[in-house]
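# Have a look at this fold, sequence not included:
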């Protein structure tokens, strides 16, 4: 199973990622061995995820991009969108 997930960081920001082992990935984030972004914003809390039988593409994050088409230059709008989905 593959997952696209959103975690809420301690500073009230959101991080979105992709994994094939959700429980292990959240543990990695909270141990400081996850993404560089979350390392400085611990602890994180899983607030949303979607499961997929297989990747929709060869690139991680495509499922998220398809579900939440937000341009990178619109970071504030993206955070509000993520919060609305949750």
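Sure thing, it's come through. Every value quoted in this text rests on a predicted model; they were computed, and no experiment measured them.
# Quickly note the distance from residue 31 to residue 52.
Per C-beta to C-beta, to the nearest Å, residue 31 is found 25 Å from residue 52. Every residue, glycine included, has its C-beta placed from N, CA and C.
# cool, and residue 40?
For residue 40, the distance to residue 52 - C-beta to C-beta - is 29 Å.
# show me where the protein has strands.
2-8, 14-19, 45-52 (DSSP state E).
# Please identify which of residue 40 and residue 52 sits among more neighbours.
residue 52 (13 against 10; other C-beta atoms under 10 Å).
# Enumerate the beta-bridge partners assigned to that one.
With DSSP bridges as the criterion, residue 52 is bridged to residue 2.
# Quick one: residues contacting it.
Going by C-beta atoms under 8 Å, 6 or more residues apart in numbering, residue 52 touches 1, 2, 3, 4, 63.
# Let me have those in a markdown table, extended by pLDDT and distance to residue 47.
Formatted as a markdown table, the contacts of residue 52 follow (pLDDT from 0 to 100; distance: C-beta to C-beta, whole Å):
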| residue | pLDDT | distance to residue 47 |
| --- | --- | --- |
| 1 | 88 | 19 |
| 2 | 91 | 18 |
| 3 | 92 | 13 |
| 4 | 90 | 13 |
| 63 | 54 | 17 |
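# which one of those residues is nearest residue 45?
Of all those, residue 45 sits closest to residue 3, with 15.5 Å by C-beta to C-beta.
# okay, now that closest one: neighbour count?
Neighbour tally, residue 3, other C-beta under 10 Å: 18.
# By neighbours, which of the contacts of residue 52 wins?
Busiest of the contacts of residue 52 [other C-beta under 10 Å] is residue 4, holding 24 neighbours.
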